[in-house]
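A.B. asks: coords please:
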Amino acid sequence: MKNKQIIFKKRPVGVPDLDTWQLENNEIPELKEGEVLIQQHYISLDPAMRGWMNDSKSYIPPVAIDDVMRAGSIGTIIKNNGNENFAIGDVVSGWGGVQQFVNTKGDNWYKVDTNLAPMPVYIGTLGMPGMTAYFGITEVGKIKEGDTVLISGAAGAVGSIVGQIAKIKGCTVIGIAGGKEKCDYLINELGFDKAIDYKSENIYTALKEKCSDGVDIYFDNVGGTILDAALTKLKMNARVVLCGAISQYNKKSKIEGPSNYLSLLFTRSTMQGMVVMDYAAKFGEAAQQMGTWMQEGKLKSKEDIYDGIENFQETYNRLFSGDKKGKLILKVIEE
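C.D. replies: Numbering: from 1, shown residues only. As a prediction, this is how the structure comes out:
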């Protein structure tokens, strides 16, 4: 049995190109004592993957050259060589990388119940993006009823969940997204109060009109010009959550930092970065709460799924082109 794998071959400068990865079809090693074999079904594609390719200081070591490209995943155990923690047929989620099969002793893998939600939801709303949204807005943003919440990248995997949680908590929510279709999605399907189309509107003018009284929380997924503009609309004691900076990840030169940072001083506001793994001990608690909201119809889950490990690079590029809504997922199982 062969294993199709995306192997990381070259650290990119700017946008990853055809030399960045290589598709290989390799033999699956024999299981060692205590190992299980997972047939992967779905791979999570996340903006953080771009940062993992850089050989620079970060919250996690970079992907090594000639290693399988790092990614979250979900699949089914099809073989077991004496691992008492798992059984054949268990559906498990973890860090399997961009490949069809993975041998593991099960460290950092956990079982999920597909009777409660389909597999893709466990690497989306009930996976890392959902946990990022939940802890970013509750622990770092310290959300409270009546807050005005502004979110960039609002139609994406994290931003769309942040906005829905904010509505559940009784807040006014304004989302920033690219294009009329995405803005309509935020208002008509997710229940946001207002939306700003950064592609067709001047961001400063739009913020002045739609956030006229300022914002209590700005949840930033994009960085750059939009972050800079949002800083001008902070209320007193506002909270800025730095979750991502997708507009900067492919920069070949020095990234753009905020020039309006003195707004933090004037308004006595805070700007704090967040890394979801800091809250790993509480993932179960968050998943239970979000699962309840989903059952109650208060929280919608949106997955954008593309088929074929051969299409990894094309699908990955959708993270940065904006050609997606919700959680971007690659289906790698061949049926």
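A.B. asks: And what about the spatially closest residue to residue 168 that is not a sequence neighbour, helix, strand or coil?
C.D. replies: Nearest residue to residue 168, sequence neighbours excluded (C-beta to C-beta, 6 or more residues apart in numbering): residue 298, at 5.4 Å. For every residue, glycine as well, the C-beta is placed using N, CA and C. When classified by DSSP: H, G, I helix; E, B strand; the rest coil, residue 298 comes out as coil.
A.B. asks: mind checking which helix or strand of the protein has the lowest mean pLDDT?
C.D. replies: helix 318-321 (a mean of 88; mean pLDDT, DSSP states H and E).
A.B. asks: Tell me the helix or strand right after that one.
C.D. replies: Next helix or strand after helix 318-321 toward the C-terminus (DSSP states H and E): strand 327-331.
A.B. asks: which residues are in contact with the least confident helix or strand of the chain?
C.D. replies: Contact with helix 318-321 is made by 15, 45-47, 49-50, 246, 249-250, 304, 306, 324, 328, as judged by C-beta atoms under 8 Å, 6 or more residues apart in numbering.
A.B. asks: for residue 112, what are its contacts?
C.D. replies: By C-beta under 8 Å, 6+ apart, the contact list for residue 112 reads 74, 91-93, 119, 122, 126.
A.B. asks: wait, doesn't the residue nearest to residue 168 sit right on residue 170?
C.D. replies: No. Assessed by C-beta atoms under 8 Å, residue 298 is found out of contact with residue 170, at 11.9 Å.
A.B. asks: Do a quick rundown of the strands in the stretch 201-335 of the chain.
C.D. replies: Assigned strands in the stretch 201-335 of the chain, in chain order: 215-220, 234-242, 270-273, 303-307, 327-331 (criterion: DSSP state E, counting those that start in this stretch).
A.B. asks: and the third one, which residues are buried?
C.D. replies: Along strand 270-273, these residues count as buried under the neighbour rule (16 or more other C-beta atoms under 10 Å): residue 271.
A.B. asks: Now do that strand: which elements does it pack against?
C.D. replies: strand 234-242 (3 or more C-beta pairs under 8 Å, 6 or more residues apart in numbering; DSSP states H and E).
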